[in-house]
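Participant: no FASTA, just this:
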């Protein structure tokens, strides 16, 4: 496939790995984005770089960082009479306090898995008697698409399409992470596709204010290894922000997509699993689109659950690795997930489990 | 196609422009509609990154070529090293 195959060059990957391992590069680097975590696990890079280079995973999995109370709200909305909830597939099995969307569906709630918010719009168009609610989860890669769908719903005069938004934006979370006293990483591997939208300039504060080297990179093994090599080099050269994924990421990002996102959504405070509440990190529908906001509906929520042994919150900020959790691989596995880090197709625990990684190497 | 919120976006070629900001893309031989409302100046023959039914950006062919050339060079160096003298 064009623009994929030319970057899958095993010999180049071997060369990069050789250069990294033979130098005396060292450091602890965090890959922020869940897609990078999965790519790293799949390629088996972690054990090859250890012990001098340690890769830890961050909070860039929008499914994983969705708080229990928000899952509960999605479940409650799905159960309302006359409502059909449309969602991306990876939200289906995330456990809330009592139910996941999958278990709610088994008990009679109308829940559909869609590939695109536009599919949810079509559902609404075909079934005018049904209130179709699209569950909006995702960062800046996804929020503009949902915003575009809201505008399209307006254009077509559909009055039975709604959005339940738990969208979040990444830069405020990185700021909160960098400000944590325990945050000791030597460099950040920044998301590829979130950055296509936001632009790399959105992260300039990380080297400038916090002295953290950063590389925005793509998802091929060669992209990731280039990033690791540059981060290690920057420990000596000085912290900067570099863009390895220049074939898709520009400093200013995609202004049109950002404009559409801002037209439909405004910033609000949001709760992130692992990072608690982060001001200005969430997206809610603007008042102009208030009639489409299913987040404003009155629903009954269950009492918040007690603490479980799930340590997803610590994993999301890189404090521990999945095998250090007592539940990992036993009680908690992809078949019987306890927390979202195992449920999500790109959750850290799912990545480690699938590719058989252990804590040490 | 099962939907995912994740960062996954794949390159596809634009093969036809329709009305209302919709285009037809060729994704690994499969033709599907894609919304181009998030990207300016999309033309037939452009390659775009597609996520959740939307093009999110055009792929820059010059930058792609530069990265590709770098990888080719790295591969050449690696293969040179593996040659039995």
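Facilitator: Yes, it's here. Every value quoted in this text rests on a predicted model; they were computed, and no experiment measured them.
Participant: Could you give the number of residues near residue A:183?
Facilitator: For residue A:183, the number of neighbouring residues by other Cβ atoms under 10 Å in any protein chain shown comes to 16. For every residue, glycine as well, the C-beta is placed using N, CA and C.
Participant: Name the nearest residue to it, ignoring sequence neighbours.
Facilitator: For residue A:183, the nearest residue in space outside its immediate sequence neighbours is residue A:177; the separation is 5.8 Å by Cβ to Cβ, 6 or more residues apart in numbering or on different chains.
Participant: Spell out which residues sit in contact with residue 31, please.
Facilitator: If you meant another chain, say so; for now it's chain A. Under the criterion of Cβ atoms under 8 Å, 6 or more residues apart in numbering or on different chains, the contact list for residue A:31 reads A:37, A:40, A:55-58, A:60, A:188-189, A:224.
Participant: hmm, I had chain B in mind actually
Facilitator: For residue B:31, the set of contacting residues under the criterion of Cβ under 8 Å, 6+ apart consists of B:15, B:24-25.
Participant: how about it, phi and psi?
Facilitator: Backbone torsions of residue B:31, given as degrees, to the nearest 10, read phi -100, psi 130.
Participant: Any chance of JSON lines for the contacts of residue B:31, columns distance to chain A, secondary structure and pLDDT?
Facilitator: Formatted as JSON lines, the entries for these read as follows, by distance: Cβ to the nearest Cβ, whole Å; DSSP: H, G, I helix; E, B strand; the rest coil; pLDDT from 0 to 100:
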{"residue": "B:15", "distance to chain A": "13", "secondary structure": "strand", "pLDDT": "97"}
{"residue": "B:24", "distance to chain A": "14", "secondary structure": "strand", "pLDDT": "98"}
{"residue": "B:25", "distance to chain A": "12", "secondary structure": "strand", "pLDDT": "96"}
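Participant: ok so, going back, which ones are touching the residue nearest to residue A:183?
Facilitator: So residue A:177 contacts A:58-59, A:183, A:275, A:317 (Cβ under 8 Å, 6+ apart).
Participant: Around residue 59, how many other residues sit close by?
Facilitator: Unless you meant another one, I'm taking chain A. Close neighbours of residue A:59, defined as other Cβ under 10 Å, add up to 28.
Participant: My question was about chain B, not that one.
Facilitator: Summarising burial for residue B:59: neighbours were counted as other Cβ under 10 Å, giving 18.
Participant: Beta-bridge partners for the closest residue to it other than its chain neighbours, please?
Facilitator: Leaving out its chain neighbours, the residue that sits closest to residue B:59 by Cβ to Cβ, 6+ apart is residue B:47, at 4.4 Å. Under DSSP bridges, the beta-bridge partners of residue B:47 are residue B:13.
Participant: Now for residue B:47: which residues touch it?
Facilitator: Residue B:47 makes contacts with A:2-3, B:11-14, B:58-59, B:61, as judged by Cβ under 8 Å, 6+ apart.
Participant: buried subset of those?
Facilitator: Those of the contacts of residue B:47 that meet the buried threshold are A:3, B:11-14, B:58-59, by 16 or more other Cβ atoms under 10 Å in any protein chain shown.
Participant: Any chance of a markdown table for those, columns distance to residue A:15 and pLDDT?
Facilitator: Rendered in a markdown table, the data for those read as follows (distance: Cβ to Cβ, whole Å; pLDDT from 0 to 100):
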| residue | distance to residue A:15 | pLDDT |
| --- | --- | --- |
| A:3 | 21 | 89 |
| B:11 | 24 | 92 |
| B:12 | 30 | 94 |
| B:13 | 30 | 95 |
| B:14 | 34 | 96 |
| B:58 | 30 | 96 |
| B:59 | 24 | 94 |
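Participant: Residue A:109 reaches residue A:85, doesn't it?
Facilitator: Yes - Residue A:109 lies in contact with residue A:85 (Cβ atoms under 8 Å); the separation is 7.1 Å.
Participant: Overlap in contacts, these two.
Facilitator: A:78, A:101.
Participant: Have a look at those two and say which one is more surrounded.
Facilitator: In this comparison of residue A:109 against residue A:85, neighbours counted by other Cβ under 10 Å, the higher total goes to residue A:85 at 27 against 21.
Participant: Quick check: chain neighbours aside, which residue is closest to that one?
Facilitator: Nearest non-adjacent residue to residue A:85, counting by Cβ to Cβ, 6+ apart: residue A:78, 3.9 Å away.
Participant: List the contacts of that neighbour.
Facilitator: By Cβ under 8 Å, 6+ apart, residue A:78 lies in contact with A:84-85, A:101, A:104-105, A:109-111, A:133.
Participant: Most neighbours of all these, which one?
Facilitator: Of all the contacts of residue A:78, residue A:133 has the most neighbours under the rule other Cβ under 10 Å, reaching 29 neighbours.
Participant: got any ranges where the chain has weak pLDDT?
Facilitator: You didn't pick a chain, so chain A it is. In the prediction, chain A carries residues with pLDDT under 70 at positions A:358-361.
Participant: right idea, wrong chain: chain B
Facilitator: Counting by pLDDT under 70, the low-confidence segments of chain B come to B:1-7, B:82-85.
Participant: repeat that with 80
Facilitator: Scanning chain B with the threshold set as pLDDT under 80 gives B:1-7, B:81-85.
Participant: For residue A:241, which phi and psi angles does the backbone take?
Facilitator: phi -110, psi 120.
Participant: That one: neighbour count?
Facilitator: By the measure other Cβ under 10 Å, the count of residues near residue A:241 is 22.
Participant: who's in contact with it?
Facilitator: Each residue near residue A:241 by Cβ under 8 Å, 6+ apart is listed here: A:200, A:203-204, A:206-207, A:214-216.
Participant: Please name the nearest non-neighbouring residue to the residue in chain B positioned nearest to chain A.
Facilitator: As assessed by Cβ to the nearest Cβ, chain A sits closest to residue B:53 within chain B, at 2.8 Å. Once flanking residues are discounted, residue B:53 sits nearest to residue A:116: 2.8 Å by Cβ to Cβ, 6+ apart.
Participant: Would you enumerate the residues in contact with that neighbour?
Facilitator: Residue A:116 sits next to A:145, B:3, B:52-54 when contact means Cβ under 8 Å, 6+ apart.
Participant: ok, 10 Å please
Facilitator: When contacts are counted by Cβ atoms under 10 Å, 6 or more residues apart in numbering or on different chains, residue A:116 is found next to A:86, A:88, A:122, A:134, A:142, A:145-146, A:149, B:1, B:3, B:33-35, B:50-54.
Participant: Same check on residue A:19?
Facilitator: Residue A:19 sits next to A:25, A:225, A:229, B:74, B:77-78 when contact means Cβ under 10 Å, 6+ apart.
Participant: Go through the residues you listed and say which is closest to residue A:323.
Facilitator: residue A:225 (23.5 Å; Cβ to Cβ).
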